[in-house]
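>>> with the sequence up front, the predicted model follows.
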Amino acid sequence: MSALNTGRTAVPTQTGVGAAVRTRLRGRRRDTGAIWRGLFFASAIFLVISIAAILVMVGRQAAALFTQVRPLAFLFGRVWAPEHGLYGALPFLVGSLAATGLALLIGVPLGLAGAIYLAKLATPRAQRVMRPAIELLAGIPSVVYGWVGLTALVPFIRRHSGHVTGFGLLAAGVVLAVMVLPTFISLAEDALRAVPQDIEHGSLALGTTRWQTIAHVLIPAAWPGIAAAGILSMARAIGETMAVQMVLGNSPVIPAGLIVPASTLTSEIVLEMGSTPQGSPANNALFAMGLLLLLISLGLIIAVRATRKEATAGVRQAH
Amino acid sequence: MTAEAMSPLKIVPMVPKVVSPAPEAPEMATLAGQAETDREVEPAVRVRGLTVAYGSTPGIKSIDLDLPERSVTALIGPSGCGKSTFLRALNRMNELFQGVATAGEVLVRWDGQFQNIYAPGVDLVELRKRVGMVFQRPNPFPKSIFENVVYGPRHHGVSNRALLAEAAEEALHQAALWDEVKDKLNAPAAALSGGQQQRLCIARALAVRPDVILMDEPTASLDPISTGKIEDLLGKLSKDYTIVIVTHNLQQAARVSHKTAFFLNGELIEAAPTLQMMTNPRDRRTENYVTGRFG
Ligand SMILES: Nc1ncnc2c1ncn2[C@@H]1O[C@H](COP(=O)(O)OP(=O)(O)OP(=O)(O)O)[C@@H](O)[C@H]1O
Ligand SMILES: [Mg+2]
């Protein structure tokens, strides 16, 4: 779980290091303090430079594409055929959004049920089993998810749907749903646990059942946090590459159904980056897709921050 | 309903209401007179041998206490003596905490006869509809003012909008909040002041039409004006409801209650009409507490 809550674990780690250093070098506090401050400052600067470098590099290559192809023809072009000079990224954008949407459609109800169970219903014993299991789920490399999807899920879909391959958005959505579950569950569980006990007891004291209290007080009160969990899961799903690529079939067309080969922004980048010459329009188009992904992630991060702000504002009002 | 019109700080103890028609008692009843009227008041709740323990921590030990109907009973005593534990035992809210064990009987008048709420098979939802609760800190739900008030009725099966609106208006009037919120029923409850929020929580409890209302230090987080409003309210509500209030404020107990029970270290030391408790308690420890010698 610690891997998921980076925002929360980062702080104790820093103070932990700081405290240890302080006790070890008590005598020369000022000098060593300056050294450590410098180190932390340097790593912060390094971080900012790396991010800026990525943005500049991706942005420059993408801009190079837009000298040859109109941005709208890229964004809304339905045909991806570099050999004919057509660089439409719409099939990939649609694939990415559809796979992500499907993953949330499957994952969010399951995850919410799991979070409610863990936060409010599970006995301590059940929690001791479930928590590590969920952490394990978060730690499985995505290639393993993809592999299981490829060898179990895709044939299963093929057998039961009558489609030729079984590749497609359905398989990708299911695999992604399982992959986002740990993120979603642990964040949603935190949100549910953060609801003041007074509110929950207030509802029960009015003669409502546990289920009524969960549905009508607990979930509404935790809603900003649950929404943030959903958005972060979305960010995780849209950026996932390997597992999706293995079960999607990778056909650069706008998918006409859930069980036909499709492609996403990420899997297309992975597939073609080795085979397109540096500086060619096709290569630049891949960078433009990367930029698109970056912008989507940025939008999602802004959305999460907005829900966080709403959540803290709500808490402050309530007190 | 203008609570402001009344002095929020009147110190005169209230006179217990009598069930049988009795001559209007004078404002300052004599001790004997109070004791006598108290006997005539039928209890709404009888507590017998009530013991609550939190794991190995004792909460309250073998409490016997009658709560007179349609009057205010105050629970006083130093911090940690078990007042909240006793209160939560009356609507079985203690069970929401891990490792709580309860023994003894709480007999609540229920459809005309006393029923032990700890008997097997008692429906907690029905119990809590009869025995409502107001918490120490205002705890409105993150919903509109209106939705807060109708929360109980709505989830007890009332869905008719007009009926709900009627219930909301009545409860808000009873809680002396109507005039302040009637134009903004759809505003979020969190936008109200602390005192208004607490009266909203009282309205929310009243909307369920309980027989008994439990209040755990309901004015502990409020300013004197809001406190005065809620104390005035208690006087009016005690005409229709059996009220139990925990308070650390002896003046408040004297102002609002008819009967006072003094707890110490999980035991009930003494319970008697409030005036007697304040002026002439039987037990030395009660006397020490009410005269401020400890606690
Ligand atoms: N949820 C709980 N879990 C464990 N022990 C508890 C719990 N609630 C109360 N206790 C213990 O039971 C005893 C009585 O506590 P209680 O809260 O009833 O006292 P109180 O008279 O209401 O005190 P205060 O005036 O401070 O509110 C205390 O020793 C307390 O530590
Ligand atoms: Mg208490």
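That came in fine, so what should we check first? Ligands and ions are numbered 1, 2, ... in the order given.
>>> verify the stated contact: B:Lys259 with B:Ala74.
Yes: look at B:Lys259 against B:Ala74 with C-beta atoms under 8 Å: they come within range, at 7.2 Å. No exception for glycine: its C-beta is placed from N, CA and C like everyone else's.
>>> out of these two, which sits in the busier spot?
B:Ala74 (28 against 25; other C-beta atoms under 10 Å in any protein chain shown).
>>> follow-up on the earlier one: list the residues that contact both of B:Lys259 and B:Ala74?
B:Thr274 (C-beta atoms under 8 Å, 6 or more residues apart in numbering or on different chains).
>>> A:Ser267 contacts A:Thr241, correct?
Yes: A:Ser267 is within contact range of A:Thr241, at 6.1 Å (criterion: C-beta under 8 Å).
>>> so which of these two has more stuff around it?
A:Ser267 (27 against 19).
>>> name the helix or strand for the more buried one, please.
Using DSSP states H and E, A:Ser267 sits within helix A:265-272.
>>> who are the packing partners of that helix?
With contacts taken as 3 or more C-beta pairs under 8 Å, 6 or more residues apart in numbering or on different chains; DSSP states H and E, helix A:265-272 sits against helix A:90-116, helix A:219-239, helix A:242-248, helix A:281-318.
>>> with just CA atoms, put that helix into PDB.
The C-alpha atoms that make up helix A:265-272 are tabulated as PDB, following Å, rounded to 0.1, in the frame of the first residue of the first chain:
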ATOM      1  CA  LEU A 265      -2.000   5.500 -27.700                       C
ATOM      2  CA  THR A 266       0.500   3.700 -25.500                       C
ATOM      3  CA  SER A 267       0.500   0.400 -27.300                       C
ATOM      4  CA  GLU A 268       0.900   2.200 -30.700                       C
ATOM      5  CA  ILE A 269       3.900   4.100 -29.400                       C
ATOM      6  CA  VAL A 270       5.500   0.900 -28.100                       C
ATOM      7  CA  LEU A 271       4.900  -1.000 -31.300                       C
ATOM      8  CA  GLU A 272       6.200   1.600 -33.800                       C
END
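>>> give me the buried positions along it.
Neighbour-count burial for helix A:265-272, counted by 16 or more other C-beta atoms under 10 Å in any protein chain shown, picks out A:Leu265, A:Thr266, A:Ser267, A:Glu268, A:Ile269, A:Val270, A:Glu272.
>>> closest one of these to A:Gly249?
Of all the buried residues of helix A:265-272, A:Ser267 has the smallest distance to A:Gly249: 9.6 Å, by C-beta to C-beta.
>>> how close does A:Leu218 get to B:Ala103?
According to C-beta to C-beta, to the nearest Å, A:Leu218 stands 31 Å off from B:Ala103.
>>> likewise B:Arg161?
From B:Arg161 across to B:Ala103, the span is 45 Å (C-beta to C-beta).
>>> which one of these two is surrounded by more residues?
For B:Arg161 versus B:Ala103, neighbours defined as other C-beta under 10 Å are more numerous around B:Ala103 (12 against 9).
>>> what bridges to the more buried one?
Per DSSP bridges, the residues bridged to B:Ala103 are B:Thr51.
>>> thinking it is in contact with B:Thr51, fair?
Yes: here B:Ala103 lies in contact with B:Thr51, judged by C-beta under 8 Å, at a distance of 4.5 Å.
>>> quick one: whichever strand or helix holds B:Gly59 near ligand 1?
If you go by DSSP H and E, B:Gly59 is part of strand B:57-68. Yes: interface with ligand 1: strand B:57-68 contributes B:Thr57, B:Gly59 (C-beta under 6 Å from any ligand atom).
>>> does ligand 1 sit close to the following helix or strand past that strand?
Next helix or strand after strand B:57-68 toward the C-terminus (DSSP H and E): strand B:72-76. No: judged by C-beta under 6 Å from any ligand atom, strand B:72-76 stays clear of ligand 1, getting no closer than 7.9 Å.
>>> briefly note if the very next helix or strand once past strand B:72-76 comes near ligand 1.
Using DSSP H and E, the helix or strand that directly follows strand B:72-76 along the chain is helix B:83-89. Yes: interface with ligand 1: helix B:83-89 contributes B:Lys83, B:Ser84, B:Thr85 (C-beta under 6 Å from any ligand atom).
>>> of those, closest to A:Gly33?
Taking C-beta to C-beta as the measure, B:Ser84 is the one of these closest to A:Gly33, at 47.2 Å.
>>> thought that closest one was touching B:Leu214?
No: contact criterion C-beta under 8 Å: B:Ser84 and B:Leu214 do not qualify, at 9.8 Å.
>>> neighbour count: the two, which is higher?
Using other C-beta under 10 Å as the criterion, B:Ser84 and B:Leu214 rank with B:Leu214 on top: 29 against 21.
>>> who's in contact with that one?
Contacts of B:Leu214 (C-beta under 8 Å, 6+ apart): B:Leu87, B:Arg88, B:Leu90, B:Asn91, B:Val131, B:Gly132, B:Met133, B:Val134, B:Val244.
>>> need those residues in JSON lines with pLDDT and neighbour count, can you?
Compiled in JSON lines, these are given as follows (pLDDT from 0 to 100; neighbours: other C-beta atoms under 10 Å in any protein chain shown):
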{"residue": "B:Leu87", "pLDDT": "97", "neighbour count": "20"}
{"residue": "B:Arg88", "pLDDT": "96", "neighbour count": "23"}
{"residue": "B:Leu90", "pLDDT": "97", "neighbour count": "21"}
{"residue": "B:Asn91", "pLDDT": "95", "neighbour count": "26"}
{"residue": "B:Val131", "pLDDT": "96", "neighbour count": "28"}
{"residue": "B:Gly132", "pLDDT": "96", "neighbour count": "26"}
{"residue": "B:Met133", "pLDDT": "96", "neighbour count": "24"}
{"residue": "B:Val134", "pLDDT": "96", "neighbour count": "25"}
{"residue": "B:Val244", "pLDDT": "97", "neighbour count": "27"}
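>>> no further questions, thank you.
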